[in-house]
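Novice: I'd like to go over a predicted model; first the sequence, then the structure.
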Amino acid sequence: MSELFAEPWMLKLVEEWNREPELAGELSNVGFNSSIAYGFVDEEKPRAVLVIENGRAISGEVYSNQEVNWDLRASKENWLQWLSKPPGMLALGMAYTSKNLRFNKGDYTAMIKDPRMAGPFVKSFAVMARV
């Protein structure tokens, strides 16, 4: 496996994202467009950005001060744990309330209350685990 959030890892994430109908397909149905940053809680800037257009990932790249809609942060240990055993809705909720998963940008509460978004959000962790 490539280093977490390095460009080769992100390019593989793009492939896996688009291969998953419960993710790309569902988000396409709602016209989801976004730039999602990923990184570590102890770093000032995120490591990488995944760009989504109409539900499909169009690029995964190293963060270079791009504008993002979402910025998800966790410790490296938590990311690796979630990649080895993808969390479900309850585990993600607990991670958020315990601040193990942080949203430096984006509204977790609004997103998780929308069933059209909550399911794909949870599925994104399973997809990351395939990278």
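Specialist: That came through, no problem. Residues are numbered from 1 along each chain as shown.
Novice: lowest confidence element among the helices and strands of the protein?
Specialist: For the chain, counting by mean pLDDT, DSSP states H and E, helix 108-113 ranks last in confidence among helices and strands (a mean of 89).
Novice: Tell me the confidence at Ala2?
Specialist: Careful, residue 2 is Ser; it's not Ala. The model reports Ser2 with a pLDDT of 67.
Novice: repeat for Arg130
Specialist: Arg130 is given a pLDDT of 95.
Novice: got the contact list for it?
Specialist: Contacts for Arg130 were tallied using CB atoms under 8 Å, 6 or more residues apart in numbering; they are Glu16. Where you see a C-beta, it was placed from the backbone N, CA and C, and this is true even at glycine.
Novice: same deal with Asn54?
Specialist: Leu27, Ser28, Gly31, Phe32, Asn33.
Novice: And Leu23, by the same measure?
Specialist: Per CB under 8 Å, 6+ apart, neighbours of Leu23: Trp17, Gly55, Pro120, Lys123, Ser124, Val127.
Novice: ok, those vs Asn100, which is closest?
Specialist: Set against Asn100, the nearest of those by CB to CB is Ser124 (16.4 Å).
Novice: CA atoms of the top helix by length along the chain as CSV?
Specialist: Assignment by DSSP state H gives helix 115-129 as the longest helix of the chain. Presented in CSV, the C-alpha positions along helix 115-129 are these (Å, rounded to 0.1, in the frame of the first residue of the first chain):
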residue,chain,number,x,y,z
PRO,A,115,-30.0,10.1,4.3
ARG,A,116,-28.8,10.8,0.7
MET,A,117,-25.5,11.9,2.1
ALA,A,118,-25.1,9.8,5.3
GLY,A,119,-25.0,6.4,3.5
PRO,A,120,-22.4,7.5,1.0
PHE,A,121,-20.3,9.1,3.7
VAL,A,122,-20.2,5.8,5.6
LYS,A,123,-19.5,3.9,2.4
SER,A,124,-16.5,6.2,1.6
PHE,A,125,-14.6,4.6,4.5
ALA,A,126,-15.2,1.1,3.1
VAL,A,127,-14.0,2.3,-0.2
MET,A,128,-10.8,3.9,1.3
ALA,A,129,-10.2,0.5,3.0
